[in-house]
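1. Whatever this is, show me its structure:
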Amino acid sequence: MQLVIATNGSIRCVYDEQLDLSILGRLSIQRGSHVEPTRDGQWMADLSPVNGPQLGPFESRSDALAAERQWLETHWLSAQS
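-> All right, here's what the predicted structure looks like:
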């Protein structure tokens, strides 16, 4: 898990359960994307909640989730707030 700590002390990360983030202080968790199936059984990652693109289609949900995480870590995580 990557944690980005700003000069004002705020911390950004792509949430997962590797670390109990509550030990770092009060949390504000927001959805970064929607990973949903298409009508034909493919998977799409919609990153519009963070002003990102739609990724896909993917054969499996796990492929869509991996692409979602990669995009968030590359484009959103280190972006200035």
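2. what stretches of the protein score poorly on pLDDT?
-> Per-residue confidence of the chain (counting by pLDDT under 70) places the weak regions at 80-81.
3. What distance do you get for the residue lying farthest from the centre of it to Asn51?
-> Centroid-distance maximum for the chain: Asp40 at 24.4 Å, with CA atoms, centre = their mean. Look at Asp40 and Asn51: by CB to CB, to the nearest Å, they are 27 Å apart. To be clear about C-beta, it is placed using only N, CA and C from the backbone, and glycine gets the same treatment.
4. go on, Ser60?
-> Between Ser60 and Asn51 the computed distance is 26 Å (CB to CB).
5. before we move on, what about Ser22?
-> The span separating Ser22 from Asn51 equals 27 Å under the rule CB to CB.
6. Trp71 too?
-> When distance is defined by CB to CB, Trp71 is 12 Å away from Asn51.
7. Those two: which is more packed in?
-> Looking at Trp71 and Asn51 with other CB atoms under 10 Å, you find the greater number of neighbours at Trp71, namely 20 against 9.
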